[in-house]
Structures are given as structure tokens and as C-alpha cells.
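**Student:** pasting the sequence and the predicted model now:
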Amino acid sequence: MERLYRSALTALALLIIGLIIGIKIGSMLVTSTITSMRFETLTSTQISFITLTMTKFHSIKETFTITKTRWMTKVQTTESWKTLTLGCESGYLITSYWTVREEFYHGKKVPVRDSSGKLLGYYRRDFIDDVMIEGWGKGDGVGNDGSYLGYDPEIGFTESPNPLDAYDSPLIPWKTVAAPPHLRKGTIILIIGFTSSEELSEEVIDKLLSSRFIVSDRGADLTGRHIDIYVGEQDRADMNESPYALYIQNATICFIL
């Protein structure tokens with residue numbers, strides 16, 4: 001009987017020790033939620049944004065509180081890397097410009113020289129007039145080498161293998177935008193809405209609302225709320241009849257700085 005009693009006491013002691021050890025181990029466990037980062041896609045009525053849910057830690061021991069603080073500091077640093085400065089304004093005028101092509105013109109050939117007096121070639125008079133408006137044109141190879149002829153009011157006529165923006169980078173259709181000085185170079189522009197007095201094709205509407213435009217060109221006549229989108233090379237005699245000839249009023253645009 002006494003031996004049975006001692007065995008019971010031994011079993012009880014082992015059970016108590018096991019419970020104590022279990023509690024110690026349990027107090028060291030950490031529960032947490034899952035960190036997630038979600039990206040919303042851009043539509044015509046909303047702007048991209050980032051939502052960050054930080055992991056939360058629950059612990060009994062103080063040592064785990066220190067780990068939590070360090071971890072959250074890293075999350076805050078990561079979050080700051082994703083910060084974007086957005087600004088939206090309405091009442092903008094959107095127009096377009098293009099590279100003219102001499103093959104669509106029929107005027108008399110005349111000599112064109114750069115600011116130093118060097119002969120650049122012979123080009124049609126009406127073609128030159130439009131180069132002076134649009135900024136760049138491609139020669140037809142008759143009396144010239146067929147390269148691109150550019151015009152700047154400050155430096156006159158120049159030649160280049162590619163039509164260039166104000167910073168000597170190639171113009172990119174439906175990406176390069178000429179803008180007034182208050183919009184700095186490299187600003188990304190999103191068009192999120194507009195009204196137009198003319199009918200626009202679905203293709204043009206899609207390009208306007210889905211493209212990410214970049215300010216990388218300037219224009220002497222661009223002031224206030226006015227941006228000019230580069231749409232590529234001339235593809236018909238009268239580009240004013242092209243669906244890419246834009247004149248859109250009351251546009252709302254957003255900037256990513």
C-alpha cells in the first residue's frame with residue numbers, strides 16, 4: 001500500500017513538472033498576422049496606391065517586445081521607399097504634335113542652312129513651314145540625305161538621325177509630353193478624365209487613359225494648364241484630319257513626382 005502511495009506521489013510530481021515546463025515553453029511562443037502588400041491597378045477613375053499591413057506580435061516575455069520594435073522599424077523604412085507624391089488638377093488643355101514627312105508636301109525646293117551657314121540640303125518650302133511649327137520633319141531624300149530636320153527658334157535648323165526632345169533624347173510616341181516650365185522634366189502624367197468637343201476613337205481614348213506620359217519636351221507656346229502629346233510621324237497629307245490630332249479641353253490629369 002505504501003509502495004503504491006509513493007508511486008502515485010512520484011507520478012503526480014512528474015505531472016506537475018511537465019506542466020511547469022509546458023507553461024515555460026508556451027510563454028515563449030509568438031503569434032503573428034501575415035504581412036501583405038497590395039497594389040491596386042489604374043483605371044480611368046482611380047489612381048494607383050499601395051496598402052501595407054504590418055505584422056503584429058503578441059508575446060508574454062519582454063525580449064520579444066524588443067524584436068517587435070526592430071522589425072517594425074524595418075517595415076517603416078521599406079514603406080518610405082514606396083512613397084509617391086501625387087497631385088491632380090483639372091481644366092487642362094491637351095493637344096498633340098507630330099514629326100512631319102516631306103513626301104506629303106509639294107512646294108518648291110529651297111536651300112536650308114544651320115546657324116553657322118552650313119548647307120543642310122534642299123527641302124520643300126511648305127514642308128519647312130510645318131517643321132518650324134511641329135519641331136521636326138523627315139526629308140524625302142531628294143536634294144537632301146533623308147535625315148530628320150529640326151527647328152528651334154533659338155538655334156535655327158539642325159539635322160539628326162532621330163527626332164529629339166528638348167533634352168536631346170528621342171521622341172517616343174504616346175509617351176513624350178511637351179509641357180510648360182512649371183511641370184519639371186521627368187514628371188509622370190496620368191490622364192484620368194476629360195471632355196471633348198470632337199469625337200474620339202476608342203483607340204485614342206484607350207491610349208489617353210492607359211498611357212503613362214513623361215514630361216521631356218518643351219514648347220514656346222505652352223503656358224498654364226496645357227500639355228502637348230507626341231503622337232509619332234505624319235501618316236497623311238492633312239494631319240488635322242487624323243484621329244491623332246487632339247484638341248481636348250477640361251482634362252483632369254494627375255502627376256507622379
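**Tutor:** Structure's in. What do you need?
**Student:** can you tell me who the residue nearest to Ser147 when sequence neighbours are not counted pairs with across the strands?
**Tutor:** If you skip the residues right next to it in sequence, Ser147 has Glu159 as its closest partner in space, 5.1 Å away by CB to CB, 6 or more residues apart in numbering. Where C-beta positions appear, they are placed from N, C-alpha and C, glycine not excepted. On DSSP bridges, the residues paired with Glu159 through beta bridges are Leu149.
**Student:** OK, contacts around Glu159?
**Tutor:** Listed by CB atoms under 8 Å, 6 or more residues apart in numbering, the contact set of Glu159 reads 114, 120, 145, 147-150.
**Student:** mind giving me the ChimeraX command for buried ones among those?
**Tutor:** Buried residues among the contacts of Glu159 (16 or more other CB atoms under 10 Å), as a ChimeraX selection:
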select :120,148,149,150
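**Student:** Leu246: neighbour count?
**Tutor:** As a burial measure, the neighbour count of Leu246 was computed by other CB atoms under 10 Å and equals 21.
**Student:** for it, what are phi and psi?
**Tutor:** With angles defined as degrees, to the nearest 10, Leu246 shows backbone torsions of phi -100, psi 140.
**Student:** and Ile229, by the same measure?
**Tutor:** phi -100, psi 130.
**Student:** what about Asp228, how many neighbours?
**Tutor:** Asp228 is flanked by 22 other residues according to other CB under 10 Å.
**Student:** and it, which of the three is it?
**Tutor:** On the three-state scheme (DSSP: H, G, I helix; E, B strand; the rest coil), Asp228 is labelled strand.
**Student:** for Glu241, give me the pLDDT.
**Tutor:** The per-residue pLDDT reported for Glu241 equals 93.
**Student:** quick one: contacts for it?
**Tutor:** By CB under 8 Å, 6+ apart, the contact list for Glu241 is empty.
**Student:** so how far is Arg225 from it?
**Tutor:** 27 Å (CB to CB, to the nearest Å).
**Student:** so who does the residue nearest to Trp136 when sequence neighbours are not counted touch?
**Tutor:** If the residues on either side of it in the chain are set aside, Trp136 comes closest to Pro163, at 3.7 Å by CB to CB, 6+ apart. Taking CB under 8 Å, 6+ apart as the definition of contact, the neighbours of Pro163 are 99, 135-136, 138, 148, 150, 170-171.
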